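> Output the structure for:
(chains A, B and C)
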Amino acid sequence: MSQATILGRAARGWTRAASATPMVGVVDVLLRGLGQVMLQNNPATGLVLAAGVLVGDPLLAVAGLVGLGSSTLAAHLLGAEHGLIRDGQFGFNGVLVGIALAANLRPDSLLVLYVIAAGASSTLVLLALGHLLGRYQVPVLTAPFVLVTWAGLLAADRLDHLDPDGPGVPAPSRAGTFEGSFAGSFEALLRGISQVVLQDSWATGLLLLFGVLLSSRISALFAVVGSTVGAATALALGGQDPSVVHGVFGFNAVLSAIAVGGLFFVLTWCSALLAVLAAAGAAALTAGMAAVLAPSGEPALTAPFVLVTWLCVLAGRAVPALRPVALADVITAEQVRRDHRTGGGTPPTPPGSDPPPVTR
Amino acid sequence: MSQATILGRAARGWTRAASATPMVGVVDVLLRGLGQVMLQNNPATGLVLAAGVLVGDPLLAVAGLVGLGSSTLAAHLLGAEHGLIRDGQFGFNGVLVGIALAANLRPDSLLVLYVIAAGASSTLVLLALGHLLGRYQVPVLTAPFVLVTWAGLLAADRLDHLDPDGPGVPAPSRAGTFEGSFAGSFEALLRGISQVVLQDSWATGLLLLFGVLLSSRISALFAVVGSTVGAATALALGGQDPSVVHGVFGFNAVLSAIAVGGLFFVLTWCSALLAVLAAAGAAALTAGMAAVLAPSGEPALTAPFVLVTWLCVLAGRAVPALRPVALADVITAEQVRRDHRTGGGTPPTPPGSDPPPVTR
Amino acid sequence: MSQATILGRAARGWTRAASATPMVGVVDVLLRGLGQVMLQNNPATGLVLAAGVLVGDPLLAVAGLVGLGSSTLAAHLLGAEHGLIRDGQFGFNGVLVGIALAANLRPDSLLVLYVIAAGASSTLVLLALGHLLGRYQVPVLTAPFVLVTWAGLLAADRLDHLDPDGPGVPAPSRAGTFEGSFAGSFEALLRGISQVVLQDSWATGLLLLFGVLLSSRISALFAVVGSTVGAATALALGGQDPSVVHGVFGFNAVLSAIAVGGLFFVLTWCSALLAVLAAAGAAALTAGMAAVLAPSGEPALTAPFVLVTWLCVLAGRAVPALRPVALADVITAEQVRRDHRTGGGTPPTPPGSDPPPVTR
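Coordinates of the predicted model:
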């Protein structure tokens, strides 16, 4: 029995257990929420991602889980669409909010309250933006994470509750130099992936990449391409920038490449090229937003990824050269490709016409 | 004859006179515009509110009236929907713009021009945003006041026309301490209400609260709850902050609690809880926006109220747990409740579907 | 044979040649893209505008042409609507992006890459915003130019690639005094027009004005009115500001006056008055945005024009007093007027109702 068959069997067994046993179902939802951090609707990806965060910093891992529970529970209590909850759509913003707040605030009892409130708020923001953007078939992505974390950090800053010794969040800096050895380059590439969960660790990056690979080979490929293109763009534009080594220009490029390369568009040569350009654009925007946010002391978080991907998805719906995928059909890059070949999935709406509103 | 009956008779008599006599009709429209500052479509609320501003600062009261006239006249000249004008929907942003500019600019003849132009501009912004947001059944609230005042203050600042000795607008500060006596707390609560009209006076706050009570007991209750929750949130998050005493964290919480608690949602336990959370969120966002706006020197004004209420209304339309009210049916919290019980009002649109566009 | 007839004949001959010969067709598209910088769908305007930029600074002219080619080619490759490409709608943002980047970045080989990438990005942003705004019949205007240039300058700043000796872009300054002689006033008026292409030269302004006149007498009139009103507003509000002489308060007012005065509304006394107010508002907003952008070092570019015109167009669609023109019918102010008189053009949608989505 080949390895792929074993994995397929395990996946089918887990899915059966999740629908049969409520307790397993809850764990499945939470793991999928973790997997969605890397845009993968896959519990195995979520499990490996949790391990990756734990390896990097156990406190952040706990905060991420509290945020995950808070945001998912809030969606359940508010009666959000069951299918979206089950896909983990209400989890990933909570995870990231929890990690980002724990990395910046003093680790006391108030932090727990902050993370719970912020996690639930991320669900409100997701519902609100989904109502606005669903009509355009534009995904909300990590916009709730970015907005809620900015609000939370600003309030904490104003009310003297920031932790000056916390690990903080990644931001470009100007000191140091980049040594372009092969091993160093590979390490930088993995750090770029690990920064998605606000870590600066090649081991975490390797685990995250492995987690994505469990779900989709196409997405794993674009994660590597994105991190490479992001670092290369920063080097080409800015010369010897040390932040590059720490993956600061990588994580937004990684997410943009995964999203544009095969998820929100069918994988074609055209959309693959757009994914590379999106990764380069995300890296440039990371530098730009760092400059504009510097006075307020706020990190850019995944705002460059959100803006670049919104730009590509919106533009892609206006022209026929790209093949946009209806939000309801975005599962994995492989599934999107199969659906397109067999003519499955929601029929595409012609450019300029009005798609049915979808909350996502 | 009970007091309620007398008030009811007076109200009916006034409404008759307003439709019969054009001159009384104009006064009615202007008074309702004043009442809408507290989200109350009620001329008596408007009259008491005018008295409250006058008690605090006569110059600001005059500027508010000029702004009120300018914005309402502009709506009339542009041919805006008559029903909305009559409800005072084109007045309250003008009132607030007038007060805010007069509090910050040098009191000369140019100020009159500024207030008239800004009042008329607030009507343009209201029409534009109403065209954008009406399709989502989202109210414009005081967004025109915030945007026009920011533009006006920035232009005046750049062109050296600010008054360094003006009363200014409320902003969080870091000096001093809060003494938690009962009388002190009650005074702080009233100051939080008075800050809605940019005043720092418990007497003004008491008059405003009385004005709201004339229109709706539910809204008056949520005004008190909002001011209390806002101050409590600021204290809980930030320790001893002196701005709390002056109601700086109160006014956005007051407006958010009134809006979410019974106006844009039918009053239920669920929406009441959301109103409390919205008040807390508005207070936190007041702190956050103060931090982000500090470099530009701009006050946050009612931007936290607008953002938090938009968030709640948008999210509330995407899930069934809350009972959103069609914009055309938002009159008073009591009326909304009666409509819902008798099955009156516009039938709710199912989540995700497309409501008819309404300019508001 | 009168002069008008000669011009008309030449225009008809050129249009014939452009449809018959592909090479001439390409030149026609590019010239129209240049003409759209002044909101004129006219190749002759484009030719004169190119001459105007060349007179001011040859390097900027070359950069503008590279941006023009890049943005138009990107639209062609992505399969954007052919009619819009032919009207030069995908050219003007590329022209402006090229000029603005060349004015601020070091003139090396990387600049060429920057301009090509930014020009193509402006097409993506145009498609994306067109998809969002087309539904409201709101034109995208120069929003892509503003957003892409901000992103590019911020990235270049962060990555140490700005040219400290470059001509830079116009921004209000506080030094010097204004001498109100007649010749000086006329020169300031022309400089205000030349700042549309980021030049500070009365000769360039005169050429631009002549170019507009070739396309539309109404638009040329409003260009003069806009520049005058913009300068007068700045003087009235701010006293003796030297930036006024250099047209810094003029270019946004010029564009706003052209757009509102006869293009997006049928020319009536009401829309003419709104055009004057829009010009004054654009000048005030220029001052305001300069204040808010000062810490980041970014120029306001044409953001005030975009915001003021969006405001007017959106508000104008909500009230009957103005006569909004469907986007597909916006050609020249004279044509809009003729269409309205003969009952031609797309029938207007009633206020509040849903116009068919148009990508523009």
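
> where does chain A come near chain B, residue by residue?
Where proximity means C-beta under 8 Å from any C-beta of the partner chain, the interface of chain A facing chain B comprises A:77-80, A:110, A:117, A:121, A:123-125, A:127-132, A:134-135, A:150-161, A:295-296, A:298, A:357-359. From N, CA and C alone the C-beta is placed, and that goes for glycine too.

> Now list the buried members of those residues.
Among the residues of chain A next to chain B, those scoring as buried are A:78, A:80, A:117, A:121, A:123-125, A:127-132, A:134-135, A:150-159, A:161, A:296, A:298, A:357-359 (criterion: 16 or more other C-beta atoms under 10 Å in any protein chain shown).

> What is the burial count for the residue nearest to A:His76 when sequence neighbours are not counted?
By the measure of C-beta to C-beta, 6 or more residues apart in numbering or on different chains, the closest residue to A:His76 outside its immediate chain neighbours is A:Ile85, 6.2 Å from it. When neighbours are counted by other C-beta atoms under 10 Å in any protein chain shown, A:Ile85 registers 20.

> Which parts of chain A belong to which domain?
A:1-165, A:178-351 (automatic domain parsing).

> want to throw these into TSV with mean pLDDT?
Converted to TSV, those look like this (pLDDT from 0 to 100):
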stretch	mean pLDDT
domain A:1-165	90
domain A:178-351	86
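
> out of those, nearest to B:Gly192?
B:Gly192 sits nearest to domain A:1-165 of all the domains of chain A, at 17.0 Å, using C-beta to C-beta.

> Please state the offset of that closest one from the chain centre?
Relative to its parent chain, domain A:1-165 has a centroid offset of 10 Å by C-alpha atoms, centre = their mean, to the nearest Å.

> try stretch A:221-232
Using C-alpha atoms, centre = their mean, the offset of stretch A:221-232 from its chain centre is 15 Å.

> export that stretch as PDB, just CAs?
The C-alpha trace of stretch A:221-232 is given here as PDB (Å, rounded to 0.1, in the frame of the first residue of the first chain):
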ATOM      1  CA  LEU A 221       5.200  24.900  -4.200                       C
ATOM      2  CA  PHE A 222       3.800  28.400  -4.200                       C
ATOM      3  CA  ALA A 223       4.700  28.900  -0.500                       C
ATOM      4  CA  VAL A 224       8.400  28.200  -1.400                       C
ATOM      5  CA  VAL A 225       8.100  30.400  -4.600                       C
ATOM      6  CA  GLY A 226       6.500  33.200  -2.600                       C
ATOM      7  CA  SER A 227       9.100  33.200   0.200                       C
ATOM      8  CA  THR A 228      11.900  33.200  -2.400                       C
ATOM      9  CA  VAL A 229      10.300  35.900  -4.600                       C
ATOM     10  CA  GLY A 230       9.600  38.100  -1.500                       C
ATOM     11  CA  ALA A 231      13.200  37.900  -0.300                       C
ATOM     12  CA  ALA A 232      14.600  38.400  -3.800                       C
END
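
> picking that back up, intersect the buried ones among the residues of chain A next to chain B with the contacts of chain C.
Applying C-beta under 8 Å from any C-beta to those, none is adjacent to chain C.

> Return the subset of these lying in helices.
Among those, DSSP state H puts A:117, A:121, A:123-125, A:127-132, A:150-158 in helices.

> anything in stretch A:256-266 near chain C?
No: Stretch A:256-266 does not reach chain C (C-beta under 8 Å from any C-beta); its nearest approach is 11.4 Å.

> Next, the distance between the ends of that stretch.
15 Å (C-alpha to C-alpha, to the nearest Å).

> pull the CA atoms of the one helix or strand A:Ala44 maps to into PDB?
If you go by DSSP states H and E, A:Ala44 is part of helix A:43-56. Extracted C-alpha coordinates of helix A:43-56, given in PDB (Å, rounded to 0.1, in the frame of the first residue of the first chain):
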ATOM      1  CA  PRO A  43      -7.100  19.300   9.900                       C
ATOM      2  CA  ALA A  44      -3.700  17.600   9.400                       C
ATOM      3  CA  THR A  45      -2.200  21.000   8.200                       C
ATOM      4  CA  GLY A  46      -3.700  22.500  11.400                       C
ATOM      5  CA  LEU A  47      -2.200  19.900  13.700                       C
ATOM      6  CA  VAL A  48       1.300  20.400  12.200                       C
ATOM      7  CA  LEU A  49       0.900  24.200  12.300                       C
ATOM      8  CA  ALA A  50       0.000  24.000  16.000                       C
ATOM      9  CA  ALA A  51       3.200  21.900  16.600                       C
ATOM     10  CA  GLY A  52       5.100  24.500  14.600                       C
ATOM     11  CA  VAL A  53       3.900  27.400  16.800                       C
ATOM     12  CA  LEU A  54       4.500  25.300  20.000                       C
ATOM     13  CA  VAL A  55       8.100  24.600  19.000                       C
ATOM     14  CA  GLY A  56       8.700  28.400  18.500                       C
END
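
> Can you name the residues of the stretch 201-350 of chain A that neighbour chain C?
By C-beta under 8 Å from any C-beta, the residues of the stretch 201-350 of chain A that approach chain C are A:234, A:236-239, A:241, A:280-281, A:284-285, A:287-292, A:295, A:310-312, A:314-315, A:317-322.

> Give me the buried subset of the residues you listed.
Among those, those buried by neighbour count (16+ other C-beta under 10 Å) are A:234, A:237-238, A:241, A:280-281, A:284-285, A:287-292, A:310-312, A:314-315, A:317-319, A:322.

> From these, which land in helices?
Those of these mapping onto helices are A:234, A:237-238, A:280-281, A:284-285, A:287-292, A:310-312, A:314-315, A:317-318, per DSSP H.

> show me what contacts the closest residue to A:Asp87 other than its chain neighbours?
Nearest residue to A:Asp87 in three dimensions, chain neighbours excluded: A:Asn41, at 5.2 Å (C-beta to C-beta, 6+ apart). Listed by C-beta atoms under 8 Å, 6 or more residues apart in numbering or on different chains, the contact set of A:Asn41 reads A:32, A:35, A:87-88, A:215, A:331-332.

> If we ignore the residues flanking it in sequence, what's nearest the residue nearest to the spatial centre of chain A?
Residue closest to the mean C-alpha point of chain A, counted by C-alpha atoms, centre = their mean, is A:Val37 at 3.9 Å. Distance criterion C-beta to C-beta, 6+ apart; nearest residue to A:Val37, sequence neighbours excluded, is A:Phe92 at 4.6 Å.

> With A:Asp200 instead?
The shortest distance from A:Asp200 to any non-neighbouring residue, by C-beta to C-beta, 6+ apart, is to A:His246 (5.0 Å).

> again, but for A:Ala102
Using C-beta to C-beta, 6+ apart and skipping the chain neighbours, the partner closest in space to A:Ala102 is A:Ala63 (3.3 Å).

> Which residues are in contact with that neighbour?
Per C-beta under 8 Å, 6+ apart, neighbours of A:Ala63: A:98-99, A:101-102, A:111, A:115.

> before we move on, back to that, the residue nearest to A:Val37 contacts A:Gln40, correct?
No: counting by C-beta atoms under 8 Å, A:Gln40 is not a contact partner of A:Phe92; they are 9.8 Å apart.
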